[in-house]
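> Give me the fold of what follows.
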Amino acid sequence: MDKKKGWIKEAKILESPNFDQRSDEISLIVIHSISLPPSKYGSNDIDKFFLNKLDSSKHSYFEKIINLKVSSHFLIERTGVLKQFVSTEDRAWHAGESSFEGKNNCNNFSIGIELEGTDDSKFEKVQYSKLIKLTRTLMENYPKINKDRIVGHSFVAPGRKSDPGIYFDWEYFKSEV
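Residues are numbered from 1 along each chain as shown. Sure thing, here's the model as predicted:
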């Protein structure tokens, strides 16, 4: 990892315009799941969404989200491909209205990792492998992140979000990091 710039060397870089400066020290990882269109994989529409290049005529669901400006630091596709959209040194717009340990706006102090998937399906072994490797790298570079400070989107936005869902294997993941 190039700590100065916050880019992971192994990742395919696709720079999103949806970021700004951090106001707090990095101390949390938030794990998400996403698929675009919903429950469809491998379309590159997630990339287009984070880059503000989504074609709303391609799917009716896209008409609902076309004006949203969101991003994540990372995306791990079902094939295990790792993509990075925002430097970890910058604030990606992934958690929305959120709170962790009484501190609001988790985007200020967290790194967002999206897994291509849904709340109601299992993730691929290669995704776990890539996530574990990435998480170890982030923990080495940001010492305030520990196993207790790696959570799902549902944990920081309860009632509003449910990802990464019931099929994410937290026990296995945390035993490996």
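> Quick check, pLDDT for the residue nearest the centre of the chain.
Compute the mean C-alpha point of the chain, and by CA atoms, centre = their mean the closest residue is Ile113, 2.2 Å away. At Ile113, the pLDDT value in this model is 98.
> what does Lys4 give?
pLDDT, Lys4: 60.
> What of Ile66?
For Ile66, the model assigns a pLDDT of 94.
> gap between the closest residue in space to it that isn't next to it in sequence and Glu116?
Nearest-residue entry for Ile66: Ser56, 4.2 Å, with adjacent residues in sequence omitted and distances by CB to CB, 6 or more residues apart in numbering. (Each C-beta comes from the backbone N, C-alpha and C, glycine too.) For Ser56, the distance to Glu116 equals 21 Å [CB to CB, to the nearest Å].
> Who has more neighbours out of these two?
More crowded of Ser56 and Glu116, by other CB atoms under 10 Å: Glu116, with 24 against 13.
> and the more buried one, bridged to which residues?
Under DSSP bridges, the beta-bridge partners of Glu116 are Ile34.
> OK, contacts around it?
Shown in contact with Glu116 (CB atoms under 8 Å, 6 or more residues apart in numbering): Ser33, Ile34, Ser35, Tyr41, Ile46, Leu75, Ile76, Glu77, Arg78, Gln127.
> pLDDT weak spots in the chain?
2-4 (pLDDT under 70).
> circling back: and of the contacts of Glu116, the nearest to Glu10?
Ile76 (11.3 Å; CB to CB).
> give me phi/psi at Ser27?
For Ser27, the backbone dihedrals (degrees, to the nearest 10) come out as phi -150, psi 10.
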